[in-house]
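Provided below for reference: sequence and predicted model.
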Amino acid sequence: MANQETQLLDEIITTSRRKMMTLGAASIAGLVMAATATDAKAATTYSDSDILNFALNLEYLEANFFYLSAFGTTIDKPNAASVAAGGPSAGIPITGSVGTAGTVSGGSMVPFATVAVGSFATEIAIAEGKHVLFLQGALGSSAIAQPAINLGTSWQTLAAAANTLTPAGAIPPNFSPYTSDSSFLIGAYVFEDVGVTAYHGAASLLTSTGNLTSAAGILAVEAYHAGLVRTAINALDPTGTLGLVGYTTSISNLRSSLSQAGLLGVAPGATSYDANPDDYGLATFTTPTALGTTSTATATRIVDANPANAIAFARNTTQVLNIVTGGAAVNGSAAVSPAMGLFFPAGLNAGANGFK
Amino acid sequence: MFKSYLFSPSVHGHRKLSGDAIVKTIDSLVEKALSRRTFLAGAGAAATAAALTGCSGQSYGSGGTTTTGSGTTYSDADILNYALNLEYLEAQFYLYAATGSGLASSDTAAPSGYSGSYTEGTVTVGSAAQVTGLTTAEQEILNEIAFEEQTHVQFLRSALGSAAVPMPSIDLSFFGPLAVAAGITTNATGTGSFNPFSSFDYFLVGAFIFEDVGVTAYAGAASFISPTGVAAGYLTAASGILAVEAYHAGYIRTALTARAIAAGSASAYPYLGDANLVEKLRASLTTGKTAAPSTSGSTETLLVLPTSTSTPSAVAAADPTNAIGFSRTFTQVHHIVYGSATAGVAKGGFFPNGTNSIFATTSA
C-alpha cells in the first residue's frame, strides 16, 4: 500500500538511479569531488590511468582464477602447461609502482573431464593473462601491483551471500569451482559477465581514442568469454535439471542486488527490493515482443542483456566494487570505504584518486 | 529521446522497504540528491575534457558531427544508421531462420517524418526458411538471437527517430555465391550449394559469417562518435550492442568448437572447417588487413579443434599478442557484406542496391 511518502521515495530512487546510470562512473567522480575538492569546477578527479588500473585489478583476479583452474598455479608462476598453452615463460609480473604485490589464497587445478571445457579454460586463462600484461604495458609506470586476492574461502562467502536473498540462492554452502567441469563453469560465470559490464561502463569515460579502442576490444573478448561460459552451461544443463541454471540465477540475482545496493548505498535486502535487475541467469524467458510477423517465443538467455533493448548492461565502478568485494552482503549493513572483502580481502590497489 | 529510452527502463511496481532500511535509505538518498548537481557538473567537465583531449586529427562541430582528414563530414546519426543497416541484415537472417518470415513492415519502412533520400528495399528470400529438425534448446537459441537482433533494429530506429533510414534491399540468396567464393562448395545454387537454413550446423556457419563482423564493425565505429554523441549516450549504446554481438559470436564459435570436439575429428565435422574458410574470405576482403587469419596484422582468428584439455580453444576472435578484439573500418565492413574487395564499389552481395548509408561506397 503505497502512501505519499513511499511514492516520493520511489521517485527519488528512480531519479537518482537514472542519473547514476546515465553518468556512470562520472557520477562517482562527482561524489569524490563533492567530498574532497575545494573547487567544484576543477577537472574530473579520475584519469584514464585510474580507469585502466581499475580494470587491471579485475584482470589480476580473473587471470589468477583461470590460471589456477587450468594450470594449477598463479599467474606469476609459469609451469610446463601454461607455457605450452602460450603463456609467457617468464610468468606475469605482479609488482607495480602503486601498492605492494598481494598474495593469492586458494584455488587449484580443475580435474577436467572433457576436452571441451578444459580447452575453454586454457584459452580463457591465456587471454586473461595477456590482458594483465597489456594493461601493465599501457599503464607503464602508473601500473598498480597485484592486490591480495582470495580465490578459496571467498566461494563459500559468495554462496552464503546468495542465500541471504529472497528467493534464497541455490548454491551449496561448501561450493568450490575447482571440483568438476560444471563447478568450474559456474565459477567462471561469476566473473565474465561482470567484466563485460565493467568495461562497458568505463568505455565512455576514457578520454584517449587509443584507450577507448583497446577497452572496446577487451570488452569484446570478455563478452566472447561470457558467451562461451553461458553457452557451455546451457549445453550441459539445457533444461535446468542438473541445477546449474539455478546456480546462475542465484549468482545473477546476487550480482544484481549488490550492484543496485552499491548504487543506493544500502545492504542488499532480504527481499528483492529492486524491480529492475541488471543481470539475468540462464533460465529461459518469453520474448517481450513478437518475433517478426509471428508471435512471442521462448528463448534462451545466452546473452546477459536488458530485454527492453537487447543492450548489455553497464556498471559504474561503485557497482562493480560492490560485487567483487561483496559489499554490505559480507561486511554488515554499512558500506565499507575503501571497499574490501570477498575476492579482494584487502581491497583494490589504486592510485591516490583511483577507484577503490 | 535516445538517452531516456536507453537509461530509463520502465519501473514496475514499488520497492518494498521497511523499518530501519527506510531510514537508512532516505539518509542515503538525501545525500545523493544533494550531490546530484555535482554529478552533472562533473559530467559536463568530463565532456569538455573529452572534447579537448580526444581524437587528435579530427575536429568536431557543435552538432555532433565529425570531420575526417579528407573532409568528409558525417554525423552521429550517420554512424547509427550504418549500424542499423547491418542490424537489418542480421535481423532478417535470424528471423527467417527462427520463424520462417522476416521483420514486420513497421520495422523496415521509413519512419514518420523521414526526409532523407533512401527508400525501403525488399528482401530476396531465396531458400531462406525456418530451420527444421531442431531440438527445443536449439530452437530457443535461434529465438533468442532473432529477438535480440530485431530489438537492435527497433532500438536504433527509436534512437534515430525520424532520421532512421528505411531497410535497404537485402539478398538472403547471397549465401550460395559467398560459399563458392570461400571455397566451401562449387555450386552457387541448387544441389550441392550452401544453404544456412537447411540444418542447425549449416545455420551456425551462416551465422558465423555475420557475428564476428558485427563485433568488429561496432568496435571500429565506437571511436568516431562525437563528444556530443558520447554525452548523449550513443557510445554507451554502441559498446552495449558490441557486447551483445560478441556474446552471439561467442555462442556461435563455442557451438562449432564443441560440436567438432564431440564429433571427434575435423573430417567428421566439416562445419568448423567451413567456418574457417569464411574467415579466410573475410580476411581477403578486409582491405589493408588482408594478412592470413591468426597471424599478426589480421582481423581474424581461426577456430581450432582442441585435442586435449590443455590445448587452448579459439573461441574469442582477438589479436594473438594482447587478446584484444579486432575492429574494422566502415569500408572494410562494406567490402565483406558486398563480397567485393574492389574500392569504389557501392553495392553487391547481401546488399544488391547498397546500404542506405553515407558509407555505402567503399573508399579504399
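On my side now, so go ahead.

Disregarding residues adjacent in the polypeptide, which is nearest to A:Asp278?
Nearest residue to A:Asp278 in three dimensions, chain neighbours excluded: A:Phe313, at 4.3 Å (CB to CB, 6 or more residues apart in numbering or on different chains). Quick note: C-beta positions are derived from backbone N, CA and C, even for glycine.

And for A:Gly243?
Nearest residue to A:Gly243, sequence neighbours excluded (CB to CB, 6+ apart): A:Ala170, at 6.7 Å.

Would you confirm that that neighbour contacts A:Thr249?
Yes. Proximity of A:Ala170 to A:Thr249 meets the contact threshold set by CB atoms under 8 Å, at 7.4 Å.

And these two? Which one has more around it.
A:Thr249 (21 against 18; other CB atoms under 10 Å in any protein chain shown).

Phi, psi for the more buried one please.
Dihedral pair for A:Thr249: phi -60, psi -40, per degrees, to the nearest 10.

Quick check: buried residues in the longest helix along chain A?
For chain A, the longest helix by residue count, based on DSSP state H, is helix A:209-236. Neighbour counts over helix A:209-236 (16 or more other CB atoms under 10 Å in any protein chain shown) mark A:209, A:211-236 as buried.

State the helix or strand in which the closest residue to B:Thr136 other than its chain neighbours lies.
Spatial nearest neighbour of B:Thr136, chain neighbours left out: A:Pro238 (7.7 Å); criterion: CB to CB, 6+ apart. Using DSSP states H and E, A:Pro238 falls within no helix or strand.

follow-up on the earlier one: quick one: contacts for the residue nearest to A:Gly243?
Contacts for A:Ala170 (CB atoms under 8 Å, 6 or more residues apart in numbering or on different chains) come out as A:Ala162, A:Gly243, A:Gly246, A:Tyr247, A:Thr249, A:Ser250.

Assess the claim that the fourth one and A:Ile171 are in contact.
In this case it means A:Tyr247. Yes. With contact defined as CB under 8 Å, A:Tyr247 counts as touching A:Ile171 (5.5 Å).

got any residues that touch both of these two?
By CB under 8 Å, 6+ apart, A:Tyr247 and A:Ile171 have these common neighbours: A:Ile186.

Neighbour count: those two, which is higher?
A count of neighbours by other CB under 10 Å puts A:Tyr247 above the other of A:Tyr247 and A:Ile171, at 28 against 23.

How about that one: what's its closest non-neighbour residue?
Spatial nearest neighbour of A:Tyr247, chain neighbours left out: A:Ile186 (5.0 Å); criterion: CB to CB, 6+ apart.

Give me the pLDDT for the one you found.
Among the per-residue scores, A:Ile186 shows a pLDDT of 97.

any low-confidence regions in the chain?
You didn't pick a chain, so chain A it is. A:1-45, A:263-275, A:328-336 (pLDDT under 70).

Not quite, go with chain B.
When residues are selected by pLDDT under 70, those of chain B lie in B:1-72.

mind listing the strands for it?
Per DSSP state E, chain B carries strands over the ranges B:59-60, B:65-67, B:73-75, B:123-124, B:170-171.

repeat for the stretch 151-300 of chain A
A:285-286, A:298-299 (DSSP state E, counting those that start in this stretch).

Distance from the first one to the middle of the chain?
Between the mean C-alpha location of strand A:285-286 and the chain-wide mean there is a distance of 25 Å, by CA atoms, centre = their mean, to the nearest Å.

ok, now the last one?
Here the centre of mass of C-alpha atoms in strand A:298-299, compared against the chain's by CA atoms, centre = their mean, lies 26 Å away.

That strand: what's the following helix or strand?
Sequence-wise, the next helix or strand downstream of strand A:298-299 (DSSP H and E) is strand A:305-306.

Output the contacting helices and strands for that following strand.
Here strand A:305-306 touches strand A:311-312, helix B:234-263, going by 3 or more CB pairs under 8 Å, 6 or more residues apart in numbering or on different chains; DSSP states H and E.

can you put the ones you listed in a markdown table and add mean neighbour count and distance to A:Gln260?
Listed next are the helices and strands packed on strand A:305-306 as a markdown table, based on neighbours: other CB atoms under 10 Å in any protein chain shown; distance: least, CB to CB, whole Å:
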| stretch | mean neighbour count | distance to A:Gln260 |
| --- | --- | --- |
| strand A:311-312 | 26 | 17 |
| helix B:234-263 | 27 | 18 |
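
can you tell which of these is closest to A:Ile124?
Proximity to A:Ile124 (CB to CB) singles out helix B:234-263 among those, at 10.9 Å.

Point me to the helix or strand that includes A:Ile126.
According to DSSP H and E, A:Ile126 maps onto helix A:115-139.

Please identify the buried residues of that helix?
Neighbour counts over helix A:115-139 (16+ other CB under 10 Å) mark A:115-136, A:138-139 as buried.

Name every strand pairing with whatever helix or strand comes next after that helix and say which way it goes.
Using DSSP H and E, the helix or strand that directly follows helix A:115-139 along the chain is strand A:149-150. Strand A:149-150 sits in its sheet next to strand A:104-105 (parallel), going by DSSP bridges.

Without its sequence neighbours, what residue ends up closest to the most centrally placed residue in chain B?
Centroid-nearest residue in chain B: B:Gly214, 2.9 Å away (criterion: CA atoms, centre = their mean). Excluding its sequence neighbours, the residue lying closest to B:Gly214 (CB to CB, 6+ apart) is B:Glu245, at 3.8 Å.

again with A:Ala168
According to CB to CB, 6+ apart, the nearest residue to A:Ala168 is A:Ala162 (7.6 Å).

again, but for B:Ser199
B:Gly133 (6.5 Å).

Between its first and last residues, how far does stretch B:332-344 reach?
Terminal residues of stretch B:332-344 are spaced 12 Å apart (CA to CA, to the nearest Å).

is any part of it close to chain A?
No. Using CB under 8 Å from any CB of the partner chain, stretch B:332-344 stays clear of chain A, with a minimum separation of 14.5 Å.

Would you mark the buried spots in that stretch?
B:Gln332, B:Val333, B:His334, B:His335, B:Ile336, B:Val337, B:Tyr338, B:Gly339, B:Ser340, B:Ala341.

picking up where we left off before, count of neighbours near the residue nearest to B:Thr136?
20.

Report the contact partners of it.
Going by CB under 8 Å, 6+ apart, A:Pro238 touches B:Thr135, B:Thr136, B:Ala137.

what does A:Gly99 give?
Residues counted as contacts of A:Gly99 (CB under 8 Å, 6+ apart) are A:Ile144, A:Ala145, A:Pro147, A:Asn349, A:Ala350.

which one is it nearest to, not counting chain neighbours?
Spatial nearest neighbour of A:Gly99, chain neighbours left out: A:Asn349 (3.5 Å); criterion: CB to CB, 6+ apart.

show me what contacts the spatially most central residue of chain A?
By CA atoms, centre = their mean, the mean C-alpha position of chain A lies nearest to A:Val194, the distance being 2.6 Å. Residues in contact with A:Val194, defined by CB under 8 Å, 6+ apart, are A:Leu58, A:Arg255, A:Arg315, A:Val320, A:Ile323, A:Val324.
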